[in-house]
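Asks: quick one: sequence plus predicted model below, questions after.
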Amino acid sequence: MPTHKEQMKKYWKRNIRTVLILLSVWFIVSFGFGIILAEPLNAIRLGGYQLGFWFAQQGSIFTFVVLIFVYVYRMNKLDEEFDVNEK
């Protein structure tokens, strides 16, 4: 049976992995779509605006807000899995 310390190491490893994945998604959307791929995306229009411009101005913000909710959901599942109680 794993000790409490081993369980907490696994918990934090999974937590950090989740954070890194979510930050990677945000980086890809904000930097990749908003800067690197802006020119090809500008050929597509969204709500009257070029898609590259939209990602640079709004898309990364919307993505960040969605990722916050995804993080909360994943952490609640992780807390249940590792039986972490609020104190």
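Replies: Now that the structure is in, tell me what you want to look at.

Asks: so which bits of the helix or strand where Val66 lies are buried?
Replies: With elements taken from DSSP states H and E, the one containing Val66 is helix 60-81. Within helix 60-81, the residues that qualify as buried are Ser60, Thr63, Leu67, Tyr71, Arg74, Leu78, counting by 16 or more other Cβ atoms under 10 Å. For glycine as for every other residue, the C-beta is placed from the backbone atoms N, C-alpha and C.

Asks: please name the nearest non-neighbouring residue to the fifth one.
Replies: This means Arg74. Nearest residue to Arg74 in three dimensions, chain neighbours excluded: Thr18, at 5.1 Å (Cβ to Cβ, 6 or more residues apart in numbering).

Asks: how about Ser30?
Replies: Closest to Ser30 by Cβ to Cβ, 6+ apart is Ser60, at 3.4 Å.

Asks: does the one you found really touch Val29, like I thought?
Replies: Yes: using Cβ atoms under 8 Å, Ser60 is in contact with Val29, at 5.5 Å.

Asks: follow-up on the earlier one: show the pLDDT at the residue nearest to Ser30.
Replies: We have a pLDDT of 87 for Ser60.

Asks: can you check Lys87 too?
Replies: For Lys87, the model assigns a pLDDT of 53.

Asks: next one: Lys13
Replies: With respect to pLDDT, Lys13 scores 96.

Asks: quick check: it vs Ser30, distance?
Replies: According to Cβ to Cβ, to the nearest Å, Lys13 stands 26 Å off from Ser30.

Asks: and those two? Which one has more around it.
Replies: More crowded of Lys13 and Ser30, by other Cβ atoms under 10 Å: Ser30, with 17 against 10.

Asks: for the more buried one, give me its contacts.
Replies: Phe55, Ala56, Gly59, Ser60, Thr63, Phe64 (Cβ atoms under 8 Å, 6 or more residues apart in numbering).

Asks: farthest pair in those?
Replies: Maximum pairwise distance in those, criterion Cβ to Cβ, is 13.2 Å, between Ala56 and Phe64.

Asks: cool, thanks, signing off.
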